[in-house]
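1. Everything below, folded, please.
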Amino acid sequence: TMTDPTLHLAVHLSMILSLRVGEILGLQPGDIDFDAADGRGTITVGRSLQRTEKLALEKTDPNQIYHIFPDQREGSSSALVLKKPKTKKSSRTLYLTKPLKEELLAWLEKLRQDELAMDGRYRNCGQLFRLPNGMPVAPEALSKWYRTWRAEHPEFEKIVFHGLRHSSATYQLIESGGNIKAVQGNTGHATTGILMDTYAHTQDKPRLELAEKLEADFYSQDIGSPKSGSVPVKENLPDSIQITPEGMLKVVRQMNPEQRREFTRLLFA
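-> Numbers count the residues shown, from 1 in each chain. Alright, predicted model coming up:
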């Protein structure tokens with residue numbers, strides 16, 4: 001449903017690699033090594049593209065700036081600036097997935113075709129993300145394209161572009177079983193504390209879902225009266241839904257393998 005190749009690649013990078021908008025647009029073709037990691041491929045994040053007011057630029061440490069792109073509009077009060085990343089941890093090398101690697105290869109071919117189509121009028125800015133004329137894609141342009149697409153597809157969750165990075169980090173935390181250091185290496189957060197402060201809610205949703213599943217399963221069972229020596233969990237319930245250790249085991253035994261794995265994972269999360 002996302003047919004714009006520029007937007008599709010940007011969203012793909014954000015979701016799989018947890019990249020910020022500026023980091024995505026700060027990438028250059030030379031940052032990609034398709035043969036690294038035994039052919040899996042890597043991409044190195046080391047720059048950020050931002051729109052900065054020219055007055056603020058005058059106060060910016062020149063050592064933090066790699067390049068200032070020429071104005072696209074005469075008299076503009078701001079400029080596109082290629083800067084050093086947000087923090088030292090923001091500089092990182094990330095592993096590609098096979099689909100992402102294939103999309104990047106197709107994208108580089110598209111850039112070559114764009115240059116040929118311009119017949120000498122192409123202005124290669126050096127960035128991975130370029131307009132058809134070779135100039136860089138601005139952060140506000142990418143965000144606008146994404147908002148337009150989102151408005152045209154109400155069936156998808158309403159989430160801002162930066163929210164894709166949050167969703168990516170949340171997914172990685174859950175999939176890794178809470179391996180904070182590994183996820184921090186991908187997201188580029190300055191500290192694990194910042195990562196956990198931002199995404200501490202990730203454990204709330206699965207635990208809430210577990211509580212709802214337990215309620216739905218346990219209270220729907222005809223568990224019967226507690227046997228001699230058993231201790232009911234909730235004594236004021238009618239006999240037909242008394243919760244006992246035996247009853248709990250009965251419910252667990254009736255779960256399919258996938259439900260059992262999910263139950264165990266969430267129980268000890």
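2. Okay, now the unreliable bits of this structure?
-> Along the chain, segments meeting pLDDT under 70 span 162-163, 166-169, 171-269.
3. care to break it down by domain?
-> Described in terms of automatic domain parsing, the domain architecture of the chain consists of the residue ranges 5-47+86-156, 219-267.
4. Need the distance between the two termini of the first one.
-> Domain 5-47+86-156 has an end-to-end distance of 19 Å (criterion: C-alpha to C-alpha, to the nearest Å).
5. Mind telling me what element residue 82 is part of?
-> Under the criterion DSSP states H and E, the helix or strand holding residue 82 is strand 78-83.
6. helices or strands up against that strand?
-> strand 48-53, helix 54-57, strand 65-68 (3 or more C-beta pairs under 8 Å, 6 or more residues apart in numbering; DSSP states H and E). (C-beta placed from N, C-alpha, C; glycine too.)
7. out of these, nearest to residue 144?
-> Across the helices and strands packed on strand 78-83, residue 144 has its closest neighbour in strand 48-53 (12.5 Å, C-beta to C-beta).
8. Just checking: what are the partner strands of that closest one?
-> Take DSSP bridges as the rule and strand 48-53 pairs in its sheet with strand 78-83 (antiparallel).
9. Need the contact partners of the partner strand.
-> Outside of strand 78-83, the residues within contact range by C-beta atoms under 8 Å, 6 or more residues apart in numbering are 26, 47-54, 57, 64-69, 71, 127, 136, 138.
10. Ok, stretch 49-62 next?
-> Outside of stretch 49-62, the residues that reach it under the criterion C-beta under 8 Å, 6+ apart are 22, 25-26, 65, 68, 76-83, 127, 136, 138-140.
11. how about 6 Å then?
-> Under the criterion C-beta atoms under 6 Å, 6 or more residues apart in numbering, residues 22, 25, 26, 77, 78, 79, 80, 81, 82, 139 lie in contact with stretch 49-62.
12. quick one: buried residues of that stretch?
-> Taking 16 or more other C-beta atoms under 10 Å as the neighbour-count basis, stretch 49-62 is seen to contain the buried residues 49, 50.
13. Output that stretch in PDB with nothing but the alpha carbons.
-> The C-alpha coordinates for stretch 49-62 follow below in PDB (Å, rounded to 0.1, in the frame of the first residue of the first chain):
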ATOM      1  CA  LEU A  49      20.700  15.800   8.300                       C
ATOM      2  CA  GLN A  50      18.700  18.700   9.900                       C
ATOM      3  CA  ARG A  51      17.100  21.900   9.000                       C
ATOM      4  CA  THR A  52      18.700  24.600  11.100                       C
ATOM      5  CA  GLU A  53      18.000  28.400  11.400                       C
ATOM      6  CA  LYS A  54      20.900  30.400  10.000                       C
ATOM      7  CA  LEU A  55      21.100  32.500  13.100                       C
ATOM      8  CA  ALA A  56      21.500  29.300  15.200                       C
ATOM      9  CA  LEU A  57      24.200  28.100  12.700                       C
ATOM     10  CA  GLU A  58      26.300  31.100  13.600                       C
ATOM     11  CA  LYS A  59      26.500  29.900  17.200                       C
ATOM     12  CA  THR A  60      27.100  26.200  16.300                       C
ATOM     13  CA  ASP A  61      30.500  24.700  16.800                       C
ATOM     14  CA  PRO A  62      32.000  24.300  13.200                       C
END
